[in-house]
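1. sequence and predicted structure are below.
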Amino acid sequence: MELSHGGFGWLPNLTEVDHSLILPFVMCICNILIVDINTASKKKATNMRKFLPYIFKSISIVLLPIAANVPGCLVLYWTTSSFCGLAQNLLLIQPRVRRALRIPQTPSESETPNRDLKEALMKTYLFKKEK
């Protein structure tokens, strides 16, 4: 009963579908960005690592119509979880954060993760050619 009164932002009733589709799209974008961050943070790309991002991005896109047809409370949970996963991934690629958490340096770890991530995203979404 509590979910049908009060709501969240533009969703006054969390037992109903989010007709604005904001939460399903935000969830999908967060999940795709998580895949991109993980792909960009790996230096060596084996055949399987080249193929898996497409599978995970496809799963994120398949989840979009599912998320558009379930109650808002569930999509809000999924979106919050995806956003927390995205934030966690962005934090854990930072060398200073990794050293503060006593995570040992790995061979695939970059000294300039932000620049590398920016270049990888630009190459992926703006179709820039590699140097």
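-> Looks like it arrived, so ask away. For clarity, every value in this text was computed on a predicted model and none was experimentally measured. Numbering: from 1, shown residues only.

2. could you use CA atoms for every contact and neighbour count after this?
-> OK.

3. how about the helices of the protein, start to end?
-> Along the chain, counting by DSSP state H, helices occupy 22-40, 47-67, 72-92, 95-100, 113-125.

4. ok, residue 112 - how many residues close by?
-> By other C-alpha atoms under 10 Å, 11 other residues sit near residue 112.

5. quick one: contacts for it?
-> Under the criterion of C-alpha atoms under 8 Å, 6 or more residues apart in numbering, residue 112 has no contact partners.

6. how close does it sit to residue 50?
-> Applying C-alpha to C-alpha, to the nearest Å, the value for residue 112 to residue 50 is 22 Å.

7. picking up where we left off before, just put the helices of the chain in a markdown table and tack on distance to residue 106, mean pLDDT and mean neighbour count.
-> Output for those, formatted as a markdown table (distance: least, C-alpha to C-alpha, whole Å; pLDDT from 0 to 100; neighbours: other C-alpha atoms under 10 Å):
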| stretch | distance to residue 106 | mean pLDDT | mean neighbour count |
| --- | --- | --- | --- |
| helix 22-40 | 14 | 92 | 20 |
| helix 47-67 | 18 | 89 | 14 |
| helix 72-92 | 12 | 92 | 17 |
| helix 95-100 | 10 | 90 | 13 |
| helix 113-125 | 13 | 86 | 15 |
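
8. which of these sits closest to residue 13?
-> helix 72-92 (7.7 Å; C-alpha to C-alpha).

9. ok, residues contacting that closest one?
-> Outside helix 72-92, the residues that touch it by C-alpha under 8 Å, 6+ apart are 3, 11, 13-18, 23-24, 26-27, 30-31, 33-34, 37-38, 67-68, 97-98.

10. and the angle for that helix with helix 113-125?
-> With axes from the mean of the first three to the mean of the last three C-alpha atoms, to 10 degrees applied, the angle from helix 72-92 to helix 113-125 works out at 120 degrees.
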